[in-house]
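>>> I would like to see how this sequence folds:
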Amino acid sequence: MALPTQQIGSIPRPAYVLDALSRFANGELDKAKLDEVTEAAVNETIDRLIAIGSPQVTDGEQSKSSFATYPLTNLTNLAPDGVVIPFADGHQRQLPLLTGGPFRYGQHAVDFLTKALAHSSVPVKQAVIAPSALSLLYPAAGIGGYSRDAFIADLLDEAEADIRQCLDAGADVVQLDFTEGRLSLKLDPSGGVLDQFVELNNQVLARFSAAERARIGLHTCPGGDQDSTHSLDVDYADLLPKLFGINVGNVYVQLASEADPDRVLRIIAENLRDDQRIFVGVIDPIDPVVETPEQVRDRVLAAARQLPPDRLGSTDDCGFSPFADDTSTSRETAFAKIAARIQGTQLASEALGV
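Presented below is the predicted three-dimensional model:
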């Protein structure tokens, strides 16, 4: 069997989707028409991924406004002034704040998965936001009549449902996006917030069987938005030992854009559990230069020198457009990079004899 290779998630949306999203936001397009446009983009995305040889696909998050905020769709108990996420180039993203309970998802990821499964002839992977990220919605000052404990109880139920619905609907893998893990160490170098995140995610994962957790993964990266990151300067040595304590079967680690990937591989080798498969990032979505298959091959082989090949796979460092309005990477570049990953991983498989 060849080494597995998987996409993280988002692909830049076509211009017609960006135009439709803008018109919908301005009240010039109804929801039914927007759904028609985004479904066309999902189908086109899946067709192109299959055409370049992807053994597993995602919908490219064509109909998500962002990887993190889809559960907040149509919620009315939110205020705009939540946690600020600063990026290295000076721009920011900001989460909303919850203003009242109970907390319920306005949309679940299975809505996206069902449409992708209906069109795909190969297995489909579904990304979901980790509950740790959504825990940031609760205000530090609290909410009258709705305690943090009550919020966390609701969040755990909703996060479980988000994952379970996807598994039950036939997702090949469900991936928890955990970019806030590395960011937490920048905001709180003591690691206290990271410990809370790990505990919260494990509380949800404890509700799944070992067989189910083998189909659940966790992705970590330093953020990727408008060709910038929010926590690339945070040492992986402070994150990875705790991250591998999260009870998932697959771990996706950004690596191609690391300054010293061999050092990171040594840390991974020291912490990878026997029940986990590691997918190392071999494609840098921020770098405008398209990697060659040979570069990808060499990155995979470097990982195989320190990690067991039978528990190794390849991936992209991050999604190519986690926020819909991020057009810093073109759609064509993204597909070219994915094709290089697929071809390079095959070359590595042949070199390793797997």
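>>> buried sites along the helix-or-strand element of the chain with minimal mean pLDDT?
Within the chain, judged by mean pLDDT, DSSP states H and E, the helix or strand with the poorest mean is strand 84-86; its value is a mean of 86. Of the residues in strand 84-86, 85, 86 count as buried by neighbour count, 16 or more other Cβ atoms under 10 Å. The C-beta positions use only the backbone N, C-alpha and C, and glycine is treated the same way.
>>> mind listing the helices for the stretch 151-300 of the chain?
Listed from the start of the chain, the stretch 151-300 of the chain has helices (DSSP state H, counting those that start in this stretch) covering 180-187, 192-205, 210-213, 236-243, 261-271, 293-304.
>>> one step back: summarise which helices and strands the least confident helix or strand of the chain is packed against.
Applying 3 or more Cβ pairs under 8 Å, 6 or more residues apart in numbering; DSSP states H and E, one finds that strand 84-86 makes contact with strand 92-94.
>>> need the contact list for the most centrally placed residue in the chain.
Within the chain, the residue whose C-alpha comes closest to the C-alpha centroid is residue 177; the distance, by Cα atoms, centre = their mean, is 3.7 Å. For residue 177, the set of contacting residues under the criterion of Cβ atoms under 8 Å, 6 or more residues apart in numbering consists of 9, 67, 68, 127, 128, 129, 130, 133, 219.
>>> of the residues you listed, which is the nearest to residue 329?
Proximity of the contacts of residue 177 to residue 329 was ranked by Cβ to Cβ; the top entry is residue 9 with 13.4 Å.
>>> gap between the closest one and residue 50?
Computed as Cβ to Cβ, to the nearest Å, the residue 9 to residue 50 distance reads 17 Å.
>>> same check on residue 277?
As defined by Cβ to Cβ, residue 277 lies at a distance of 23 Å from residue 50.
>>> can you check which strand is longest in this protein?
Ranked by residue count, the top strand of the chain under DSSP state E comes out as strand 277-283.
>>> neighbouring strands for it, and are they parallel or not?
Strand 277-283 has these partner strands in its sheet, going by DSSP bridges: strand 250-253 (parallel), strand 312-316 (parallel).
>>> mind putting those in CSV, mean pLDDT and mean neighbour count included?
As requested, the strands paired with strand 277-283 are arranged in CSV below (pLDDT from 0 to 100; neighbours: other Cβ atoms under 10 Å):
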stretch, mean pLDDT, mean neighbour count
strand 250-253, 98, 27
strand 312-316, 98, 26
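>>> and of the ones you listed, who's closest to residue 32?
strand 312-316 (32.8 Å).
>>> now do the helix or strand immediately after the closest one in the chain and strand 277-283, the angle between them.
Sequence-wise, the next helix or strand downstream of strand 312-316 (DSSP states H and E) is helix 331-352. Put simply, helix 331-352 runs at 130 degrees to strand 277-283, going by axes from the mean of the first three to the mean of the last three Cα atoms, to 10 degrees.
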